[in-house]
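Engineer: Predicted structure and sequence below. I'll ask about it afterward.
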Amino acid sequence: MTQAGIGDELFEVIDMTEFVSGQRELLSRVGIGELRTPVEQIYVPDDVASLAVEAYQTLAPPSA
């Protein structure tokens, strides 16, 4: 898995393959009511201002 433009802020990468396969099997057996939904958390970078400047410098078109 790759990480682009985020610096050292990546906390964890989870391979969901086995989970998704299990969910698919559960769905076909008992229906949607038994599916488990992962809980998502909002990511707030340590320094929002410097992250915005870095993104702008990376993505802004060159000055003419």
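Structural biologist: Cool, the structure landed. Residues are numbered from 1 along each chain as shown.
Engineer: in this structure, what spans have low per-residue confidence?
Structural biologist: 1-11, 62-64 (pLDDT under 70).
Engineer: Name the residues that touch the helix ranked longest in it?
Structural biologist: Of all segments of type helix in the chain, defined using DSSP state H, the longest is helix 17-30. Residues from elsewhere that reach helix 17-30 (C-beta atoms under 8 Å, 6 or more residues apart in numbering): 34-36, 38. In short, each C-beta sits where N, CA and C put it, glycine included.
Engineer: One more pass at 10 Å, please.
Structural biologist: Helix 17-30 is contacted from outside by 16, 32-38, using C-beta atoms under 10 Å, 6 or more residues apart in numbering.
Engineer: For that helix, list every residue counted as buried.
Structural biologist: Within helix 17-30, not a single residue qualifies as buried, counting by 16 or more other C-beta atoms under 10 Å.
Engineer: Pull that helix out as PDB, backbone CA atoms only.
Structural biologist: Coordinates of each C-alpha in helix 17-30 appear next as PDB, following Å, rounded to 0.1, in the frame of the first residue of the first chain:
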ATOM      1  CA  THR A  17     -10.000  -8.600   2.700                       C
ATOM      2  CA  GLU A  18     -11.000 -11.300   5.200                       C
ATOM      3  CA  PHE A  19     -13.500  -9.000   6.900                       C
ATOM      4  CA  VAL A  20     -15.200  -8.200   3.600                       C
ATOM      5  CA  SER A  21     -15.300 -11.800   2.600                       C
ATOM      6  CA  GLY A  22     -16.900 -12.800   5.900                       C
ATOM      7  CA  GLN A  23     -19.500 -10.000   5.600                       C
ATOM      8  CA  ARG A  24     -20.400 -11.100   2.000                       C
ATOM      9  CA  GLU A  25     -20.900 -14.700   3.300                       C
ATOM     10  CA  LEU A  26     -23.000 -13.400   6.300                       C
ATOM     11  CA  LEU A  27     -25.100 -11.200   4.000                       C
ATOM     12  CA  SER A  28     -26.000 -14.200   1.800                       C
ATOM     13  CA  ARG A  29     -26.800 -16.400   4.800                       C
ATOM     14  CA  VAL A  30     -28.800 -14.100   7.200                       C
END
